[in-house]
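A.B. asks: Show me the folded form of this:
(chains A and B)
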Amino acid sequence: GESVGLHLPTLSVQEGDNSIINCAYSNSASDYFIWYKQESGKGPQFIIDIRSNMDKRQGQRVTVLLNKTVKHLSLQIAATQPGDSAVYFCAEKPDQAGTALIFGKGTTLSVSS
Amino acid sequence: DGGITQSPKYLFRKEGQNVTLSCEQNLNHDAMYWYRQDPGQGLRLIYYSQIVNDFQKGDIAEGYSVSREKKESFPLTVTSAQKNPTAFYLCASSPLAGGTGANVLTFGAGSRLTVL
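C.D. replies: A predicted model of the protein is given here:
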């Protein structure tokens, strides 16, 4: 089954609201996590990453939280804008040499004005 | 500008035909990857390569083949053995493991393959 998954396939918010996108992972040996944003018809773009020795990391309008106890990852987007509408994927990197990122199924974020 | 170029963007194939998707990067990245994306699904790993002339199977390698003759290029061939090839194919690259940003994948714009 999926090593990385997201709690909700879709999320609808109003412009200006804060958005929280959740992700559960199952591999406790994973030591690195990334959030990607994918707009329609395009390839995923890097948003923010976090290592397993951290529990929070902030970027510009985005914050990633990592709870290793329950193997949960979340992406918070402040003051969500219409341009944030996209599919968001979390990905994990198992702590094994030579392994590739494992992606979840994605959450579609829709922002209405 | 540095980046990854995938071609063609759209490709149609008749059943029984092999097709090759091109992926070229000028980022000087050592590792390259191919993922498949189906509607409502995450990205599933087909093949990846960490060094020239070497590559490893991912989770869904059956019906696909790759080559890595040059650092910049990692073409994917979808063979007639792939029973359900209609999908969006994404190529990515990353620096060699252990270096700065080693795990961050840079993606191309994708190639959409449709079997008629």
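A.B. asks: Now chain B against chain A: closest residue?
C.D. replies: Across chain B, the shortest distance to chain A (C-beta to the nearest C-beta) belongs to B:F107, at 3.3 Å. Backbone N, C-alpha and C define where each C-beta goes, glycine included.
A.B. asks: beta partners of residue 19?
C.D. replies: Using chain A. With DSSP bridges as the criterion, A:S19 is bridged to A:I77.
A.B. asks: The intended chain is chain B.
C.D. replies: With DSSP bridges applied, the residues forming beta bridges to B:V19 are B:V78.
A.B. asks: Can you give me the neighbour number for it?
C.D. replies: The number of residues packed near B:V19 is 19, by other C-beta atoms under 10 Å in any protein chain shown.
A.B. asks: and it, how far is that from B:S67?
C.D. replies: Shown here: B:V19 relative to B:S67, a distance of 15 Å by C-beta to C-beta, to the nearest Å.
A.B. asks: And for B:H29?
C.D. replies: From B:H29 over to B:S67 (counting by C-beta to C-beta), the distance is 17 Å.
A.B. asks: Of those two, which one has the most company?
C.D. replies: Here B:H29 and B:S67 are compared on neighbour count by other C-beta under 10 Å; more neighbours surround B:H29, at 22 against 15.
A.B. asks: Could you point out which residue ranges in the chain have low pLDDT?
C.D. replies: Since you didn't name a chain, this refers to chain A. Within chain A, the stretches with pLDDT under 70 are A:1-7, A:97-98.
A.B. asks: try again with chain B
C.D. replies: Along chain B, the model assigns pLDDT under 70 to residues B:1-2, B:97-102.
A.B. asks: interface residues of it facing chain A?
C.D. replies: Taking C-beta under 8 Å from any C-beta of the partner chain as the criterion, chain B approaches chain A at residues B:4, B:6, B:33, B:35, B:40-45, B:48, B:50, B:56, B:58, B:90, B:92, B:97, B:103-110.
A.B. asks: swap the cut-off to 10 Å and go again
C.D. replies: Contact residues, chain B versus chain A (C-beta under 10 Å from any C-beta of the partner chain): B:3-4, B:6, B:9, B:31, B:33, B:35, B:37, B:40-45, B:47-48, B:50, B:56, B:58-59, B:88, B:90-92, B:94, B:97-98, B:101-110, B:112.
A.B. asks: For the chain, which segments count as strands?
C.D. replies: If you meant another chain, say so; for now it's chain A. Along chain A, the stretches classed as strands by DSSP state E are A:4-6, A:10-14, A:19-25, A:30-38, A:45-51, A:56-58, A:62-67, A:72-77, A:86-94, A:102-103, A:107-112.
A.B. asks: that's the wrong chain, I meant chain B
C.D. replies: Per DSSP E, chain B has strands spanning B:4-7, B:10-13, B:19-25, B:31-37, B:43-51, B:54-57, B:64-66, B:76-78, B:87-94, B:106-107, B:111-115. These are given in chain order.
A.B. asks: Distance to A:L11 added to these, as TSV?
C.D. replies: Rendered in TSV, the data for those read as follows (distance: least, C-beta to C-beta, whole Å):
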stretch	distance to A:L11
strand B:4-7	29
strand B:10-13	29
strand B:19-25	32
strand B:31-37	19
strand B:43-51	19
strand B:54-57	34
strand B:64-66	33
strand B:76-78	32
strand B:87-94	22
strand B:106-107	22
strand B:111-115	25
